[in-house]
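**Q** Fold the stuff below for me.
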Amino acid sequence: QVQLVESGGGLVQAGGSLRLSCAASGRTFGAYSINWFRQGPGEEREFVGTVSPSGVTVTYSDSVKGRFTISRDNAKNTVYLQMNSLEPEDTAVYYCAAALVPFQVPGAMSYWGKGTLVTVSS
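**A** Below you'll find the predicted structure:
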């Protein structure tokens, strides 16, 4: 069992930065890849990026590549999403999710956090 809690969302102007955290409980955290998804108003949940259990392999969607950075600290059971050069189109609820399989689709996730809202003003 893994419980995930996101934090760090808020209101930021376009061009600004935010860092989201995903804090996990559970002894098996290190076995899971951690994925970030987002869901904007009226939109489907979209894959943002993922980090492997070891933290060595990180993959991003094309829409955030070069602007967002994912890292994890297994000693702290925490994954971070550093978001730079934010755009109004990045406005969404951001979720972290844990998966045992390397498929970056919502249906493959084993556990979800409740999300944190990021609003980017123009």
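
**Q** Could you look up the SS state of the most centrally placed residue in the chain?
**A** With distances taken as CA atoms, centre = their mean, the residue of the chain nearest its centroid is Trp36 (2.7 Å). Assigned state for Trp36: strand (three-state reduction, DSSP: H, G, I helix; E, B strand; the rest coil).

**Q** Could I get the pLDDT score of it?
**A** Predicted confidence (pLDDT) for Trp36: 98.

**Q** Next up, the contacts around it.
**A** 20, 22, 47-50, 70, 79, 81, 94-97 (CB atoms under 8 Å, 6 or more residues apart in numbering). Bear in mind the C-beta positions are built from the backbone N, C-alpha and C, glycine included.

**Q** Can you tell me which of those lies closest to Ala108?
**A** Ala97 (8.8 Å; CB to CB).

**Q** Remind me what the strand or helix carrying that closest one packs against, helices and strands.
**A** For Ala97, the enclosing helix or strand under DSSP states H and E is strand 92-99. Using 3 or more CB pairs under 8 Å, 6 or more residues apart in numbering; DSSP states H and E as the contact test, the elements touching strand 92-99 are strand 3-7, strand 18-25, strand 33-39, strand 46-51, strand 78-83, strand 111-112, strand 116-121.

**Q** Report the angle between that strand and strand 78-83.
**A** Counting by axes from the mean of the first three to the mean of the last three CA atoms, to 10 degrees, strand 92-99 lies at 140 degrees to strand 78-83.

**Q** Which residues are in contact with the spatially closest residue to Thr57 that is not a sequence neighbour?
**A** With sequence-adjacent residues excluded and distances taken as CB to CB, 6 or more residues apart in numbering, Thr57 is closest to Val51, at 7.2 Å. When contacts are counted by CB under 8 Å, 6+ apart, Val51 touches Ser33, Ile34, Thr57, Val58, Ile70, Ser71, Arg72, Val79.

**Q** thought the second one was touching Thr78?
**A** No - with contact defined as CB atoms under 8 Å, Ile34 does not count as touching Thr78 (9.4 Å).

**Q** Quick check: Gly10 vs Arg72, distance?
**A** Distance of Gly10 to Arg72, computed by CB to CB, to the nearest Å: 22 Å.
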